[in-house]
Structure formats: structure tokens, C-alpha cells
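Engineer: the following block contains a protein sequence and its predicted model.
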Amino acid sequence: MTRIAFIADIHHGRDVMTKKSSLGLPLLARFADFVRENQPDIVIDLGDRISDENRERDLVLEREVAEGFKAIDVPVFHLNGNHDRDFLGVSDNEEILGQSLGHQVVDLGEWQVILWRADTHIHRLESHSTFRLAEGDLDWLANQLKDLAKPTVIATHVPLGGQSQTSNYYFDNNPGIAAYPETPEIQAVLRTAKMPLICISGHVHWNTVTFVDGVPHVTLQSLTETFTTVPEAAEAWGVLELGDMLRWSAFGRQRFGFEIDAASTAQRWPQPHGNFHEMRKKAMAAAAVS
């Protein structure tokens, strides 16, 4: 049984809004203890390691988090979140973490992980704020899925499922920065996968699963978030077990999990039915002519 441990949105730094960011490093140490005790095959950090302040301070915060990850004794793969990119470049994070942060495929035997490190910088325009895929991001993913030969986990910072943000503390009123504007195009690419597929992300600070075209899209709660576990930090991390069954377990103050037959995640659903009202109008118009 292959197992992957995930951690998301550590947000090390000063407490901001509902984030107890000052607990980031102590809770990361608890996660490291969990990893030592349970020995997953790999660890994936889904990004937003810090609560950004300015370039000088962010460099310090990122280095402190990187030092915390050194306590983990299995391979660790990092993704950048938007807070890792507000004042820092990809190259800054690469230097601090000691690894490339471009797109990557990790072979886990019968399964593989696609680390789709699409651009996570938020573009703050005069009229709105938005994510924006970098040139080549979507083409790279499409090429990976076109001739997919293994069941696959796709790890991203920003969710790809396009889920509702109703009642989310951060994104109910800011849905435009809860997902990529290119989400429909991304989902069209995911639909081409002919093998079992599951997508895991962070960013939106709650535990959810949403199915799109048969693909489960899982979001993992932030390590230091409180809005779903008031007044305490969620202390969340997750483990994905890969086999004939997919088993997801989110730990912490709001435990959450599900399991699903892996083969069913390779079955794409029929395209949604057309608009009933418009179809009825057309049928009535056709009947009137005849």
C-alpha cells in the first residue's frame, strides 16, 4: 500500500484574521512527529508556507519553515502557494527549499504523482484580483494526461474542482481567487485521462471533496486555520492511501475522510443535459410549425 502525507497552508508568521499563524512551526513539528511514526512513502507540501509581510521578512519566514521540514525523514515535495509568491519569486523558494519547483512527475510504482506547479501569483488589477496560468502550464498538463499509463494523483495549491465557496470565510465574497479563471479548460483536460485520477489541493482552508466528471477533487484544511474549528487551530494534515481503493483521511480537530473504488475514478460521466426550459421552448416552436 502506497501512502502520501499532505500538509497545506502552514502560514507561518504573525496571526492574521482567523489564522493562528504563530502556531505554524510548533504544529509543523507535530506533523513531523506524525510522519516519523507512520512512515508514509512521501510528503507533499501544498504551499502557502507563510503569511506574507514583505520581501525581507518573507525570506526569513520561508527559511524557518524549510528548517522545520528537515525533521521529516521521508522525501518531501513542495509546491508554492500565493503567499509564497506575493513578494518572492519561484527561484527564491527553490533556493530556500533546495529543490526545483517546476512541474514534476513522481513515480510511486503502480501509481504516480503529478506535481502541477501552475503559477500561483495573484494578479491584483484595478477592477479585481485573479490567478492566471502561465504560458505552457496547461499544455504541460495536457501532454501528461494524453497518454496516461498509470493511475495518477494530481497535487496543486489552487483547487481544480470549481467548487462552491458558500460560507467560506475567505472566499464566499472572493470566489475569483478561489480557482483559476481557466478552470473549465483545466477540467476539459482532466476529462481526457483514461486512468484512475484524484486531485488534492489546499488554498481554500477547509476539508471537502467534490466530484467532477467522476474525478474526486479533495481540499485539505490549513494547518493553522480556525474558522471551522473556532477558537482553536485546525491542526490539519492528510494521508492518501493508494490501491484498488482510494482512502483519504484528514486528521486534526475536524477529522474527515472517504474511500472510493479507484477504478471508478477513471469513468467519465456523460456531459450535462441541456437547459430544460430552452429545450421545451424549441420543442413547442417546432410543434407549432408542424
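Structural biologist: Here it is on my side, so go on.
Engineer: distance check, A118 against F251.
Structural biologist: Using C-beta to C-beta, to the nearest Å, we find A118 at a distance of 27 Å from F251. (C-beta placed from N, C-alpha, C; glycine too.)
Engineer: when these two are compared, which one has more neighbours?
Structural biologist: A118 (23 against 18; other C-beta atoms under 10 Å).
Engineer: quick check, the more buried one in a helix?
Structural biologist: No: looking at A118 with DSSP: H, G, I helix; E, B strand; the rest coil, it is coil, so not inside a helix.
Engineer: isn't G68 right up against L25?
Structural biologist: Yes: with contacts counted by C-beta atoms under 8 Å, G68 reaches L25, the gap being 5.5 Å.
Engineer: overlap of the contact sets of the two?
Structural biologist: H12 (C-beta atoms under 8 Å, 6 or more residues apart in numbering).
Engineer: neighbour count for those two, which is higher?
Structural biologist: Between G68 and L25, G68 has the larger neighbour count (other C-beta under 10 Å), namely 20 against 16.
Engineer: can you tell me the closest non-neighbouring residue to the more buried one?
Structural biologist: The spatial neighbour of G68 that comes closest, neighbours along the chain excluded (C-beta to C-beta, 6 or more residues apart in numbering), is L28 at 4.4 Å.
Engineer: now name the helix or strand holding that neighbour.
Structural biologist: Taking DSSP states H and E as the criterion, L28 maps to helix 24-38.
Engineer: ok, and what's touching that helix?
Structural biologist: Here helix 24-38 has contacts from 3, 5, 7, 10-13, 43, 50, 64-65, 68-69, 71-74, 223-224, 233, 235, 237, 239, 251, using C-beta under 8 Å, 6+ apart.
Engineer: now it - C-alpha only, CSV.
Structural biologist: C-alpha atoms of helix 24-38 as CSV (Å, rounded to 0.1, in the frame of the first residue of the first chain):
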residue,chain,number,x,y,z
GLY,A,24,2.8,27.3,12.3
LEU,A,25,6.2,26.0,13.4
PRO,A,26,5.0,24.1,16.5
LEU,A,27,2.3,22.4,14.5
LEU,A,28,4.7,21.6,11.7
ALA,A,29,6.8,19.8,14.4
ARG,A,30,3.8,17.7,15.4
PHE,A,31,3.3,16.8,11.7
ALA,A,32,7.0,15.7,11.5
ASP,A,33,6.4,13.5,14.6
PHE,A,34,3.3,12.0,12.8
VAL,A,35,5.4,11.3,9.7
ARG,A,36,8.1,9.6,11.7
GLU,A,37,5.6,7.4,13.5
ASN,A,38,3.6,6.5,10.4
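Engineer: buried set for that helix?
Structural biologist: G24, L25, L27, L28, F31, A32, F34, V35 (16 or more other C-beta atoms under 10 Å).
Engineer: one more: stretch 110-129?
Structural biologist: Using 16+ other C-beta under 10 Å as the test for burial, stretch 110-129 gives W111, Q112, V113, I114, L115, W116, R117, A118, D119, T120, H121, I122.
Engineer: and the third one, which of the three is it?
Structural biologist: Going back to what we said before, that points to V113. strand.
Engineer: need the contact list for it.
Structural biologist: V113 neighbours (C-beta under 8 Å, 6+ apart): I4, I42, I44, F77, V105, V106, T152, V153, I154, A155.
Engineer: report the beta-bridge partners for it.
Structural biologist: V106, V153 (DSSP bridges).
Engineer: please report how far it lies from E185.
Structural biologist: 22 Å.
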